[in-house]
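Chemist: no FASTA, just this:
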């Protein structure tokens with residue numbers, strides 16, 4: 001017994017001596033496991049731990065004559081672990097009371113920043129830029145964690161305190177996922193739906209070449225078959241259709257103008273455009289009044305849990321927004337943006353201004369001879385003065401009183417103003433342009449059951465455009481400038497509409513949709529010319545209205561393999577034409593296995609309103625389109641028959657989409673087509689469009705590459721316009737168009753590089769040009785034009801790049817998301833003409849071949865065409881831009 005007591009005492013003394021032994025340790029980035037083994041060998045203390053807990057932990061420490069009790073707190077701090085001394089011989093190592101994880105998109109596997117993570121009623125956090133979150137609290141145990149993020153299904157899961165951080169995937173909203181067949185169709189945020197439409201989500205949109213903001217108008221031009229002829233944000237042509245043939249809606253408000261500064265900048269505030277749905281073909285019967293594409297934009301419908309907001313400044317404008325919950329069932333959105341070029345001209349603005357205010361260049365005939373034109377209209381940015389600004393304000397109120405009802409009220413206001421003056425010779429030219437949109441809509445959705453839903457929408461839209469050109473000259477040779485001529489172009493549109501839609505799901509595979517649409521359009525055009533000196537006044541215009549009544553219906557059958565067929569019919573009556581029209585539509589997509597889908601769409605559509613292109617007596621000659629209603633006499637109804645079909649291949653990270661289409665357009669006129677050469681008479685014609693769109697996209701981890709190619713063959717038929725031939729290339733016949741884009745994401749950095757190429761626009765050549773002397777001793781250039789659109793401008797190509805850097809700004813206990821970006825358009829600064837317009841006038845000649853203005857009695861065959869000016873519009877030069885963006 002005594003021996004046992006003596007042995008126990010000896011062991012106790014020995015352990016005490018080990019515990020109190022002074023240690024000298026030196027470690028530099030040494031794995032924690034090696035450190036623990038070294039301490040165990042020196043002290044005899046045993047460390048208990050899980051290999052996963054200490055993995056990847058390193059220690060850096062240098063201490064002389066220290067005790068184990070002093071060493072353990074240091075190890076705890078450096079390793080972020082708990083060292084609990086349970087006896088003189090044992091230390092247990094555990095994780096702190098931490099819940100952590102990494103959140104990713106389930107499809108793209110990209111990190112999701114700022115996901116809301118709710119631990120319990122009193123504790124929540126958000127993920128950082130890398131999708132990581134962690135919460136440390138002494139009271140934590142096993143927790144039921146909820147993750148919530150806009151655009152994704154909520155997810156609840158159990159996470160044990162102290163478990164290693166795990167990867168958590170969130171799925172896109174189930175309702176949207178059912179309709180999507182290709183996520184990331186072009187790039188992240190641009191998806192392809194099974195009905196052939198393209199969905200764009202600006203919150204998910206990745207970096208794009210040449211852009212620093214997720215501008216919808218510019219972003220959709222990455223989709224094959226969608227482009228512009230003039231690099232603008234608004235001149236969007238979809239599969240050969242002109243811009244006025246596209247139906248553009250913002251929160252169900254119909255828009256007649258979508259750009260600023262002659263369409264160079266989009267009026268869609270990037271913050272205020274949450275989603276967009278784009279139809280190139282296969283259009284739903286619920287859409288009417290246009291014969292080309294559909295762009296349906298929404299500012300969003302979610303009620304945020306907390307106040308959200310953001311601010312940005314780029315090379316053109318200042319922008320901000322707030323989304324605030326008023327309660328659990330109501331919220332309000334507010335967006336505002338204004339340009340500041342009238343205060344400060346940045347390199348970005350100067351580059352755009354050079355493009356807008358340069359309208360002259362070297363013009364040649366078919367033999368390469370320079371046309372010596374006598375003109376005083378050679379204005380440019382350096383020789384003129386301009387004052388430009390734009391403003392837009394958007395607001396939305398959302399209320400969801402219960403699970404069955406959702407009501408929203410939206411408002412829109414945009415204003416574009418430009419004042420311009422130019423002195424050439426003894427003439428002062430003063431231009432003023434104001435365009436503005438006003439609109440409001442109310443939307444009510446009622447879901448009575450899982451299978452039955454109704455939607456009621458009412459909207460008001462107003463568009464106003466006023467352009468005045470004053471020419472101030474010395475008309476009396478007294479040295480005093482007098483107001484010699486006033487030209488006015490005025491266009492006002494009032495549009496009111498109401499639409500009711502009812503959808504019934506029949507079983508799980510069938511859906512029936514019925515609806516009624518009523519709209520009223522009042523349109524006013526004024527084109528006037530006044531000569532105050534001679535007291536002369538000319539004026540023309542139109543004040544007309546149209547009442548539309550439309551019934552539409554669709555039947556959709558969904559196959560179990562995610563294929564579908566949709567048959568629709570739209571019955572419409574236009575009062576301005578007093579005509580009843582039938583528009584059938586059929587859309588089919590069917591999978592051939594897991595990787596291939598075949599598709600086809602057939603549709604007939606009509607358009608009772610379009611734009612005439614008017615160049616006479618306007619100085620800038622850029623935004624010269626005036627909307628007018630069809631009367632089936634001077635301006636006929638536009639109609640189109642379209643058929644398309646193709647093949648879609650999608651497997652893992654590879655997308656290949658090939659789509660061919662054929663269109664027949666009726667009701668074109670020379671006044672609505674905007675030919676480059678002057679045409680005196682109104683002529684009616686039609687057009688055929690044949691084309692193929694090809695998309696190839698591949699994603700490899702964080703690198704994406706996609707190429708798009710479009711072949712177009714657009715032919716106009718105007719039998720009375722040209723005797724030989726009466727068929728000729730259309731004004732927008734861009735035969736070949738190709739674009740390749742690359743994006744790469746490296747942690748907080750995003751890079752994008754893209755190159756685009758297209759063949760030149762058709763123009764009418766000058767066969768001969770002879771200078772004559774008129775009766776006043778002035779030069780008069782007699783021109784002989786070649787066949788209509790028988791020549792082309794030079795090919796266009798451009799290289800663009802963008803860089804974005806995401807970071808966080810800490811303010812107290814809060815963390816704000818921020819972003820810096822740079823973009824570069826046309827890196828190699830290649831400037832070429834994109835369009836060419838001849839300003840000419842027909843005049844009679846006397847027997848000596850001298851032009852005699854004012855001679856009467858001449859037949860059309862005796863008139864000569866006198867060329868006064870060649871207006872050229874050029875591509876952008878090198879254009880940098882920068883953005884700073886912050887969110888809270």
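Modeler: Cool, got the structure. Note that the structure is a prediction, hence the values are computed from the model and not measured.

Chemist: the residue nearest to residue 586 when sequence neighbours are not counted in helix, strand or coil?
Modeler: If the residues on either side of it in the chain are set aside, residue 586 comes closest to residue 602, at 4.9 Å by C-beta to C-beta, 6 or more residues apart in numbering. From N, CA and C alone the C-beta is placed, and that goes for glycine too. Using DSSP: H, G, I helix; E, B strand; the rest coil, the structure places residue 602 in strand.

Chemist: now the end-to-end length of stretch 184-199.
Modeler: With C-alpha to C-alpha, to the nearest Å as the measure, the ends of stretch 184-199 fall 10 Å from one another.

Chemist: buried ones in that stretch?
Modeler: 184-199 (16 or more other C-beta atoms under 10 Å).

Chemist: which of those lies closest to residue 398?
Modeler: Comparing those against residue 398 with C-beta to C-beta places residue 199 closest, at 20.5 Å.

Chemist: and after the helix or strand the closest one falls within, which helix or strand comes next?
Modeler: For residue 199, the host element (DSSP states H and E) is strand 198-201. Per DSSP H and E, the first helix or strand lying C-terminal to strand 198-201 is helix 216-219.

Chemist: tell me the mean pLDDT for the helix or strand that that next one is followed by?
Modeler: Next helix or strand after helix 216-219 toward the C-terminus (DSSP H and E): strand 226-228. Model confidence over strand 226-228, given as mean pLDDT, is 92.

Chemist: centre of the chain to strand 226-228, how far?
Modeler: 12 Å (C-alpha atoms, centre = their mean, to the nearest Å).

Chemist: each with direction, which strands does it pair with?
Modeler: Within its sheet, strand 226-228 is paired with strand 236-238 (antiparallel), according to DSSP bridges.

Chemist: tell me the helices and strands packed up against the helix or strand that the partner strand is followed by.
Modeler: Later in the chain than strand 236-238, the nearest helix or strand by DSSP H and E is strand 247-250. For strand 247-250, the packing partners by 3 or more C-beta pairs under 8 Å, 6 or more residues apart in numbering; DSSP states H and E come out as strand 294-298.

Chemist: give me the distance between the residue nearest the centre of the chain and residue 517.
Modeler: Centroid-nearest residue in the chain, with C-alpha atoms, centre = their mean: residue 216, separated by 1.0 Å. According to C-beta to C-beta, to the nearest Å, residue 216 stands 24 Å off from residue 517.

Chemist: before we move on, the earlier item: which one of the buried residues of stretch 184-199 is nearest to residue 646?
Modeler: Nearest to residue 646, judged by C-beta to C-beta, of those is residue 196 at 9.3 Å.

Chemist: surely residue 610 is within a strand?
Modeler: Yes. Under three-state DSSP, residue 610 falls within a strand.

Chemist: I'd say it and residue 243 touch.
Modeler: No. Counting by C-beta atoms under 8 Å, residue 610 stays clear of residue 243, with 10.4 Å between them.

Chemist: helices and strands around the longest strand belonging to the chain, which ones?
Modeler: For the chain, the strand that runs over the most residues, judged by DSSP state E, is strand 482-506. The contact analysis (3+ C-beta pairs under 8 Å, 6+ apart) places strand 482-506 against strand 452-473, strand 510-531, strand 625-629.

Chemist: thinking again about what came up before, what mean pLDDT would you report for the strand holding residue 199?
Modeler: On average, the pLDDT along strand 198-201 is 91.

Chemist: centre of the chain to that strand, how far?
Modeler: Relative to the chain's own centre, strand 198-201 is displaced by 10 Å; criterion: C-alpha atoms, centre = their mean.

Chemist: just stretch 381-393 next, same as before
Modeler: Computed by C-alpha atoms, centre = their mean, the chain-centroid distance of stretch 381-393 equals 23 Å.

Chemist: touching, the residue nearest to residue 586 and residue 567? I think so.
Modeler: No. Residue 602 lies out of contact with residue 567 (C-beta under 8 Å); the separation is 10.0 Å.

Chemist: residue ranges with poor pLDDT in the stretch 551-700 of the chain?
Modeler: Low-confidence segments of the stretch 551-700 of the chain (pLDDT under 70): 613-624, 671-674, 677-681.

Chemist: please read the previous query as pertaining to the stretch 51-200 of the chain.
Modeler: 97, 107-108, 121-122, 137-143, 150-151, 162, 172-178.

Chemist: could you redo the last one with a cut-off of 50?
Modeler: By pLDDT under 50, the low-scoring segments of the stretch 51-200 of the chain are 138, 174-177.

Chemist: now do the helices in it.
Modeler: Per DSSP state H, counting those that start in this stretch, the stretch 51-200 of the chain carries helices over the ranges 51-54, 68-79, 174-177.

Chemist: mind putting those helices into a markdown table with distance to residue 451?
Modeler: Converted to a markdown table, those look like this (distance: least, C-beta to C-beta, whole Å):
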| stretch | distance to residue 451 |
| --- | --- |
| helix 51-54 | 49 |
| helix 68-79 | 57 |
| helix 174-177 | 14 |
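
Chemist: dump those helices to a markdown table, plus mean neighbour count and distance to residue 711.
Modeler: Shown next, in a markdown table, are the helices of the stretch 51-200 of the chain (neighbours: other C-beta atoms under 10 Å; distance: least, C-beta to C-beta, whole Å):
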| stretch | mean neighbour count | distance to residue 711 |
| --- | --- | --- |
| helix 51-54 | 13 | 58 |
| helix 68-79 | 16 | 63 |
| helix 174-177 | 12 | 32 |
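
Chemist: and of these, who's closest to residue 315?
Modeler: The minimum distance between residue 315 and the helices of the stretch 51-200 of the chain falls on helix 174-177, with 34.1 Å, by C-beta to C-beta.

Chemist: run a quick neighbour tally on residue 540.
Modeler: For residue 540, the neighbour count with other C-beta atoms under 10 Å is 9.

Chemist: my read is that it contacts residue 490, right?
Modeler: No. Taking contacts as C-beta under 8 Å, residue 540 lies outside contact range of residue 490: 11.5 Å.

Chemist: hey, what's in contact with both of these two?
Modeler: Shared contacts of residue 540 and residue 490 (C-beta atoms under 8 Å, 6 or more residues apart in numbering): residue 527.

Chemist: wouldn't residue 699 be in contact with residue 653 here?
Modeler: Yes. Between residue 699 and residue 653 a contact is recorded at 4.2 Å, counting by C-beta under 8 Å.

Chemist: compare neighbour counts for the two and give me the winner.
Modeler: Per other C-beta under 10 Å, whichever of residue 699 and residue 653 has more neighbours is residue 699, with 19 against 12.

Chemist: list the contacts of the more buried one.
Modeler: Residues counted as contacts of residue 699 (C-beta under 8 Å, 6+ apart) are 184, 653.

Chemist: just residue 32 next, same as before
Modeler: Applying C-beta under 8 Å, 6+ apart to residue 32 gives the contacts 54, 57-59, 75, 79.

Chemist: got the domain boundaries for the chain?
Modeler: Here the domain parsing of the chain from automatic domain parsing is 17-95, 107-174, 180-298, 308-887.

Chemist: closest to residue 101 out of these?
Modeler: From the domains of the chain, taking C-beta to C-beta, the stretch that ends up closest is domain 107-174, at 5.0 Å.

Chemist: could you save the domains of the chain as JSON lines and add columns showing distance to residue 101?
Modeler: Output for those, formatted as JSON lines (distance: least, C-beta to C-beta, whole Å):
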{"stretch": "domain 17-95", "distance to residue 101": "14"}
{"stretch": "domain 107-174", "distance to residue 101": "5"}
{"stretch": "domain 180-298", "distance to residue 101": "21"}
{"stretch": "domain 308-887", "distance to residue 101": "18"}
